[in-house]
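Student: here are the coordinates; sequence isn't available:
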């Protein structure tokens, strides 16, 4: 028997009573039909039985339990796309077998055609995705109803997608609001378009990504997925510094804000509060389509956790807006070969006000589980996040990198983090290598290596130290001439910091490691980095000491924490 033109899918709505649901297309066997209730695949001969296999007009699916009221019950041909019959030379050629095989080929084609009909496709006259898509393509991206009419009958051009027909719909509207504003009835095939939101403001002009209209529209339409954070580029941060006190979120960024899709189709300025030197700011995407900075890491001013989402942040540094090379006492003489970095105004501008190297987002950040531990860090050229400031004495409160706090050392003792048994009052007994390493790792960070410090500290005026009494520097702050290329403050000539490298110049033997057993050192020492205030002309970005055992604790040993970089796709 011939196979008629068939649509191999039927949809119905359950009522809590009906158990028999007809299907109006041919299947060869009962296993060739898939049954779902509210998108959950059911099991043949457990959840349902099938009659009418082999009948051109179809048959019935009988459910074991009546689907719930208003549930979606879908019957769809789902044949394995394989050929199972092997015809032999001079062998039998049963007509029934041959007829089923020929029918199967047509049924498979209809099955695939139905699936393609639910996919995003381009007209045959369009090669790739052009900068200005035809209106039918845009309407196709926005969805069609069962009658073939666009849910949004868009009649403009791709470069001005916000049309009069879409004017009532604001960016981020949910599905129900969007449909109501567009005058669309939810019926027939419309019920399949469950993730379509209002896609407004999409333009063909997207910087150097002018051919990404279809991708952006598709992602935006499906951005209701919980937690979506999408960037056009996964190999850079989502934000751009535009001036000392301003920044923007990049075009093509799409954020799900608690069920509302917010699409930034063009570079969008971040709404800034009054910025204070030495302060970290969180960046939030808000359901109203704005992006805002705030020093609160809970929600921006005027918003709540119910209508905003933290997506990144930055540090506003101690190098003031408008600082010049000379005015900031940055090195402008000598050569890179003999005198370290020769600063330009662009270098100063990178760290003046908003620190360019401190920007982070949900997929471009330090590899820490608690994003609050990201505060006060910059990404250096070594691909390492390094603390702008020395670790203070109360890191549970202030984090590992905070301006204007007491510097932890072997004589100004740090409080033991609560993750290591601290109670908010107890302090370490000393600041050995083990203490410093534990202190960093208690907050998800680690010690710097010598090679990482060489990069991170580059830019200081080399071969100088702060001078003064042989005691711990009192506070984290800025001292002119000691700021690195990345805005790291007091980088050298202030305070040695424990490093993670080992050497072997002391006598071997067992050493006590802070009351937690003993380590056999074989002459092991631990490196110290950067130089202290009393080291005179020996401090600098490559300064290191390799002669101290891990048990030593003195006034000039402290911590500058580091983290590995995390880049997610």
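Tutor: Okay, I see it. The shown structure was predicted, so the numbers you read here are calculated from the model rather than taken from an experiment.
Student: residue contacts, the residue nearest to the spatial centre of the chain?
Tutor: What sits nearest the mean C-alpha location of the chain, by Cα atoms, centre = their mean, is residue 363, with 2.6 Å. Going by Cβ atoms under 8 Å, 6 or more residues apart in numbering, residue 363 touches 229, 231, 234, 238, 567-569. (Each C-beta comes from the backbone N, C-alpha and C, glycine too.)
Student: how close does it sit to residue 259?
Tutor: 20 Å (Cβ to Cβ, to the nearest Å).
Student: do residue 66 as well
Tutor: The value you get for residue 66 to residue 259, if Cβ to Cβ is used, is 31 Å.
Student: ditto for residue 77
Tutor: Distance check for residue 77 against residue 259: by Cβ to Cβ, it reads 34 Å.
Student: from residue 497, how far out is the nearest residue to residue 269 once chain neighbours are set aside?
Tutor: Distances taken as Cβ to Cβ, 6 or more residues apart in numbering place residue 248 nearest to residue 269, at 5.0 Å, with adjacent residues excluded. Per Cβ to Cβ, residue 248 is found 35 Å from residue 497.
Student: residue 368 too?
Tutor: From residue 368 to residue 497 the distance is 19 Å (Cβ to Cβ).
Student: just residue 234 next, same as before
Tutor: 32 Å.
Student: between these two, who's got more neighbours?
Tutor: Taking neighbours as other Cβ atoms under 10 Å, residue 234 and residue 497 compare with residue 497 leading, 29 against 12.
Student: show me where pLDDT drops low in the chain?
Tutor: Scanning the chain for pLDDT under 70 picks out the ranges 1-5, 82, 84, 86-87, 90, 94-96, 98-101, 117-226, 372, 505-523.
Student: could you chop it up by domain?
Tutor: Split into domains by automatic domain parsing, the chain comes to 9-117, 135-221, 229-316, 369-567.
Student: next, format the ones you listed as TSV and append distance to residue 343.
Tutor: Converted to TSV, the domains of the chain look like this (distance: least, Cβ to Cβ, whole Å):
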stretch	distance to residue 343
domain 9-117	59
domain 135-221	30
domain 229-316	16
domain 369-567	7
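Student: which of these sits closest to residue 340?
Tutor: domain 369-567 (4.1 Å; Cβ to Cβ).
Student: so which of the domains of the chain is nearest residue 353?
Tutor: With Cβ to Cβ as the measure, domain 229-316 is the member of those nearest residue 353 (3.1 Å).
Student: on that earlier part again, more neighbours: which of residue 77 and residue 259?
Tutor: Per other Cβ under 10 Å, whichever of residue 77 and residue 259 has more neighbours is residue 77, with 23 against 13.
Student: give me the distance between that one and residue 23.
Tutor: Separation of residue 77 from residue 23 (Cβ to Cβ) stands at 8 Å.
Student: do a quick rundown of the helices in the stretch 201-350 of the chain.
Tutor: Shown for the stretch 201-350 of the chain, the helices assigned by DSSP state H, counting those that start in this stretch span residues 213-221, 336-339, 345-351.
Student: same question, the chain
Tutor: Secondary structure of the chain (DSSP state H): helices located at 95-117, 135-142, 175-182, 213-221, 336-339, 345-351, 395-398, 433-441, 450-456.
Student: who does residue 61 bridge with?
Tutor: When assigned by DSSP bridges, residue 61 has beta-bridge partners residue 21, residue 50.
Student: was I right about it contacting residue 20?
Tutor: Yes. In terms of Cβ atoms under 8 Å, residue 61 counts as a neighbour of residue 20; the distance is 7.4 Å.
Student: of these two, who's got more company?
Tutor: Ranked by neighbour count (other Cβ under 10 Å), residue 61 and residue 20 place residue 61 first, with 25 against 11.
Student: and the more buried one, what does it touch?
Tutor: By Cβ under 8 Å, 6+ apart, the neighbours of residue 61 are 20-23, 33, 35, 48-50, 75.
Student: of the residues you listed, closest to residue 501?
Tutor: Using Cβ to Cβ, these come closest to residue 501 at residue 35, 63.3 Å.
Student: quick one: that closest one and residue 60, what's the gap?
Tutor: 11 Å.
Student: more neighbours: those two, which one.
Tutor: Each of residue 35 and residue 60 has its neighbours counted (other Cβ under 10 Å); residue 35 has more, 22 against 15.
Student: out of everything not next to it in sequence, what's closest to that one?
Tutor: In space, residue 35 is closest to residue 42, 4.6 Å off (Cβ to Cβ, 6+ apart).
Student: is it true that that neighbour touches residue 33?
Tutor: No. At 10.4 Å, residue 42 and residue 33 do not qualify as touching, with contact defined as Cβ under 8 Å.
Student: weed out the non-buried ones from the contacts of residue 61.
Tutor: 21, 23, 33, 35, 48, 50, 75 (16 or more other Cβ atoms under 10 Å).
Student: so which of those comes closest to residue 331?
Tutor: Once Cβ to Cβ is applied, the member of the buried ones among the contacts of residue 61 that ends up nearest residue 331 is residue 35, at 74.0 Å.
Student: just to revisit the earlier point, OK, contacts around the residue nearest to residue 35?
Tutor: So residue 42 contacts 35-36, 48, 63 (Cβ under 8 Å, 6+ apart).
Student: residue 419: which of these is nearest?
Tutor: The shortest gap between residue 419 and any of these belongs to residue 36, at 46.6 Å (Cβ to Cβ).
Student: near the closest one, how many other residues are there?
Tutor: A count of nearby residues for residue 36, using other Cβ under 10 Å, gives 15.
Student: and it, what is it in contact with?
Tutor: Here residue 36 is in contact with 42, 72-74, 76 (Cβ under 8 Å, 6+ apart).
Student: tell me which of those fall in strands.
Tutor: Counting by DSSP state E, the contacts of residue 36 place 72-74, 76 in strands.
Student: go through those and name the one nearest residue 303.
Tutor: Checking the ones in strands among the contacts of residue 36 against residue 303 with Cβ to Cβ, the nearest one is residue 72 at 35.6 Å.
Student: what is that closest one paired to in the beta sheet?
Tutor: Under DSSP bridges, the beta-bridge partners of residue 72 are residue 13.
Student: likewise the one 4 residues further on?
Tutor: Beta-bridge partners for residue 76, by DSSP bridges, are residue 9, residue 34.
Student: now, the most widely separated pair of the contacts of residue 42?
Tutor: Longest span within the contacts of residue 42, Cβ to Cβ: 36 and 63, 11.5 Å.
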